[in-house]
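# Got a predicted structure plus its sequence, pasted below:
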Amino acid sequence: MLTRDEKEAILKGEAAATSLKQLGLRGRGEVFLSNTTCVRLIDRSSRVLRKDAEAFVTLLETASVHTGRDLVGHLLIRRAPLCSKARNWLTARGVMVECIEVD
């Protein structure tokens, strides 16, 4: 479970990030790994689709193998609208989805 302090550190850019390349994946993104949670921050304006959800679950599985323990997925979405199919698909797989209001 993601704590309030961890969430604030991620949103402020103070948390230690792990690049996708360190996990053996392609791309320039990053995730935030804690003892039990793998968090991905999406900070863009384009819609989060089902293919993005599938990519996160693949990333979650890879991060779990990399750390040697089962991680819980947590998706933080700052500005992008979230497709209802993507939300339902992620929720069915136990991934927590949280949309952050931008001030």
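Here it is on my side, so go on.
# Was I right to think Arg44 contacts Pro81?
No: checked against C-beta atoms under 8 Å, the pair Arg44 and Pro81 is beyond contact range at 10.5 Å. Bear in mind the C-beta positions are built from the backbone N, C-alpha and C, glycine included.
# Dump the helix ranked longest in the chain to CSV, keeping only the CA atoms.
Selection of the longest helix in the chain by residue count, based on DSSP state H, yields helix 50-67. The C-alpha coordinates for helix 50-67 follow below in CSV (Å, rounded to 0.1, in the frame of the first residue of the first chain):
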residue,chain,number,x,y,z
ARG,A,50,-6.2,-0.1,-22.4
LYS,A,51,-2.9,-0.6,-24.2
ASP,A,52,-1.3,1.6,-21.5
ALA,A,53,-2.9,-0.5,-18.8
GLU,A,54,-1.6,-3.7,-20.4
ALA,A,55,1.9,-2.2,-20.6
PHE,A,56,1.8,-1.3,-16.9
VAL,A,57,0.8,-4.8,-15.9
THR,A,58,3.7,-6.1,-17.9
LEU,A,59,6.0,-3.6,-16.2
LEU,A,60,4.6,-4.7,-12.8
GLU,A,61,5.3,-8.4,-13.6
THR,A,62,8.9,-7.5,-14.6
ALA,A,63,9.4,-5.3,-11.5
SER,A,64,8.2,-8.2,-9.3
VAL,A,65,10.7,-10.6,-10.9
HIS,A,66,13.4,-8.0,-10.7
THR,A,67,12.9,-7.4,-6.9
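# Show me what whichever helix or strand comes after it pairs with in its sheet, parallel or antiparallel.
Sequence order places strand 72-77 as the next helix or strand after helix 50-67, per DSSP states H and E. Strand pairing for strand 72-77, using DSSP bridges, gives strand 37-42 (parallel), strand 96-99 (parallel).
# what would those strands look like in CSV with mean neighbour count and mean pLDDT?
Below are the strands paired with strand 72-77 laid out as CSV (neighbours: other C-beta atoms under 10 Å; pLDDT from 0 to 100):
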stretch, mean neighbour count, mean pLDDT
strand 37-42, 22, 95
strand 96-99, 15, 94
